[in-house]
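*Asks:* next comes the sequence, and after it the predicted model I'd like to discuss.
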Amino acid sequence: MSAFKIFLLISIPLISLSLILIYGTALIAPSIVRISTPQSMPYAQASNVIVNASGVYVIVSVVNNGFNFTPTSGWVLIANTGELGNLTIINGTLAVSRMGLEPGYVVMSSAGVRGVVKGYLDGAPAEIAFFSIVPIHVANTVALSSVNYSNCVLVLIFNVSSIVPVRLWGIVNMSLYTVVGHEYVLNTMNVVFNESVYVPAGDHTVNITIPIMPFYDVDRFIYVYDCNLKGDVAYALYLPISITYYYPTVNQTVNTVIFKSFTG
């Protein structure tokens with residue numbers, strides 16, 4: 001037998017075996033190879049930046065957790081200010097970082113936020129990097145916490161939380177009356193009270209004290225029906241007021257109406 005025939009006899013079985021192995025691998029590959037797409041991979045994104053008097057809060061969420069990613073920690077960096085903060089995981093999916101309040105936030109409308117969420121992907125250590133452009137929400141609050149009225153002196157106590165200084169002023173068309181029966185204790189029209197209060201940035205409790213005296217004019221008046229409140233009677237205060245926020249480049253004045261119900 002020639003050498004060529006011997007080569008063919010040896011090669012044909014080897015080629016057949018190779019074809020069988022290739023075919024078998026193609027059959028079992030889907031069960032051993034896990035194919036992923038961008039739509040199924042978990043990813044992270046900054047969803048919100050909240051600025052209030054107590055600090056800056058960056059909220060990061062893990063989206064499309066298709067591979068059982070469990071976050072444990074991480075960090076975020078606000079590109080506009082260079083502030084770096086650690087992430088705290090809430091309910092396994094939400095990460096919040098609190099950072100100090102920088103003056104630049106009062107003039108920023110959005111911020112670039114990048115960071116890393118650390119955790120475990122199907123039990124193995126993993127990290128997800130992200131970068132997001134998110135709007136900045138400034139949360140300034142002015143709340144009327146209590147009302148006192150005695151001997152015709154009205155005392156209004158406010159809780160103010162603001163990242164910039166604030167002035168409370170311009171009280172006009174105020175009225176105080178009983179909830180049941182709508183009986184006036186005092187009623188005013190077109191009279192602007194001069195009393196005001198300036199509040200620095202931060203969290204503060206302040207009061208405005210207004211002596212109430214009868215006044216009558218053609219189209220302006222202050223009617224006083226009683227100088228004291230009655231115990232265990234429900235009252236309501238209707239309080240139009242102006243609030244000015246002193247930002248670095250512009251002052252913003254908001255005219256609002258506060259309703260306050262309380263018991264005398």
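*Replies:* Ah, there it is. Numbers count the residues shown, from 1 in each chain.
*Asks:* how far away is Leu237 from Ile222?
*Replies:* Using Cβ to Cβ, to the nearest Å, Leu237 is found at 15 Å from Ile222. The C-beta positions use only the backbone N, C-alpha and C, and glycine is treated the same way.
*Asks:* and the residue nearest the centre of this protein?
*Replies:* Taking Cα atoms, centre = their mean, the centroid of the chain lies closest to Ile50, which sits 4.1 Å from it.
*Asks:* for my notes, confirm that one occurs in a strand.
*Replies:* Yes: counting by DSSP: H, G, I helix; E, B strand; the rest coil, Ile50 falls inside a strand.
*Asks:* was I right to think it contacts Val96?
*Replies:* No: with contact defined as Cβ atoms under 8 Å, Ile50 does not reach Val96; the gap is 9.3 Å.
*Asks:* ok, Gly112 - contacts?
*Replies:* Ile78, Ala79, Asn80, Phe131, Ser132, Ile133 (Cβ atoms under 8 Å, 6 or more residues apart in numbering).
*Asks:* identify the bridge partners of it.
*Replies:* Ile133 (DSSP bridges).
*Asks:* ok, now the one 4 residues further on?
*Replies:* Listed beta-bridge partners, Val116: Trp75, Ala129 (assigned using DSSP bridges).
*Asks:* roughly how far does it sit from Ser73?
*Replies:* Taken as Cβ to Cβ, the span from Val116 to Ser73 is 9 Å.
*Asks:* circling back to that earlier point, helix, strand or coil for the nearest residue to the residue nearest to the centre of the chain once chain neighbours are set aside?
*Replies:* Distances taken as Cβ to Cβ, 6 or more residues apart in numbering place Tyr57 nearest to Ile50, at 4.5 Å, with adjacent residues excluded. Following three-state DSSP, Tyr57 is assigned to strand.
*Asks:* what about the strands in the stretch 101-250 of the chain?
*Replies:* Secondary structure of the stretch 101-250 of the chain, counting by DSSP state E, counting those that start in this stretch: strands at 110-121, 124-138, 141-150, 153-162, 166-169, 171-172, 175-178, 184-189, 192-193, 197-199, 202-211, 215-216, 221-224, 234-246.
*Asks:* re earlier: overlap in contacts of Ile50 and Val96?
*Replies:* Tyr57, Ile59.
*Asks:* quick revisit: distance of the residue nearest to the centre of the chain relative to Ala143?
*Replies:* Counting by Cβ to Cβ - Ile50 and Ala143 are separated by 18 Å.
*Asks:* then Val160?
*Replies:* In terms of Cβ to Cβ, Val160 sits 8 Å off from Ala143.
*Asks:* repeat for Val218
*Replies:* Taking Cβ to Cβ, one finds Val218 at 36 Å from Ala143.
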